[in-house]
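S.K.: how would this look folded up:
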Amino acid sequence: MSRNKSHIPRVMIVDDNYNFRQGYKEYLTYQTDLSIVGEAKDGFEAIKKINKLKPDIVFMDISMPQMDGLTAAHLIKEKHPGIKIVIVTIHEKHIFKEIVESLPVDGFINKSSIFLELPKILKRLDILVNTTA
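M.R.: Prediction:
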């Protein structure tokens, strides 16, 4: 994804915690130039919505009912390799280090440091943003 000003990256938020999804959506809306196109409460729902929503980036939790984020990330990348997937979780990376590094994900953010890490991840993914964080 290049820094093309005519294309605003489309985002999908996948997390089973409704309050987190709403807060994250609000933060992204006001702090970045990203377009929130949808959300899902688990990996299964995310996979069902991907074709319709056509996100460029999926921010996905790991621990969710129905289908966890690790399984969903693998299935999404299998069918849509161009979608960027960033794992956003309460778990520390070192706990899932081998798993996360073996998955086709594009980034990892701990929820406790999300506002600090988000601009770094987006910059690394070459996503045009206007963050004030």
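S.K.: please enumerate the helices of the chain.
M.R.: Taking DSSP state H, the helices of the chain run over residues 18-31, 43-53, 69-79, 93-102, 114-124.
S.K.: now render these as CSV, adding distance to residue 10, mean pLDDT and mean neighbour count.
M.R.: C-betas here are computed from N, CA, C, even on glycine. Formatted as CSV, these follow (distance: least, Cβ to Cβ, whole Å; pLDDT from 0 to 100; neighbours: other Cβ atoms under 10 Å):
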stretch, distance to residue 10, mean pLDDT, mean neighbour count
helix 18-31, 11, 88, 14
helix 43-53, 7, 95, 18
helix 69-79, 14, 92, 19
helix 93-102, 24, 62, 12
helix 114-124, 14, 83, 16
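S.K.: out of these, the one nearest residue 11 is which?
M.R.: Evaluated over these, closeness to residue 11 peaks at helix 18-31, with 6.4 Å, by Cβ to Cβ.
S.K.: show me what that closest one is packed against.
M.R.: strand 10-14, strand 35-40, helix 114-124 (3 or more Cβ pairs under 8 Å, 6 or more residues apart in numbering; DSSP states H and E).
S.K.: JSON lines for these, including distance to residue 82?
M.R.: JSON lines is the format used below for the helices and strands packed on helix 18-31 (distance: least, Cβ to Cβ, whole Å):
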{"stretch": "strand 10-14", "distance to residue 82": "12"}
{"stretch": "strand 35-40", "distance to residue 82": "15"}
{"stretch": "helix 114-124", "distance to residue 82": "16"}
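S.K.: I'd like the helices of the chain as JSON lines, with distance to residue 108 appended.
M.R.: Shown next, in JSON lines, are the helices of the chain (distance: least, Cβ to Cβ, whole Å):
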{"stretch": "helix 18-31", "distance to residue 108": "15"}
{"stretch": "helix 43-53", "distance to residue 108": "16"}
{"stretch": "helix 69-79", "distance to residue 108": "11"}
{"stretch": "helix 93-102", "distance to residue 108": "5"}
{"stretch": "helix 114-124", "distance to residue 108": "8"}
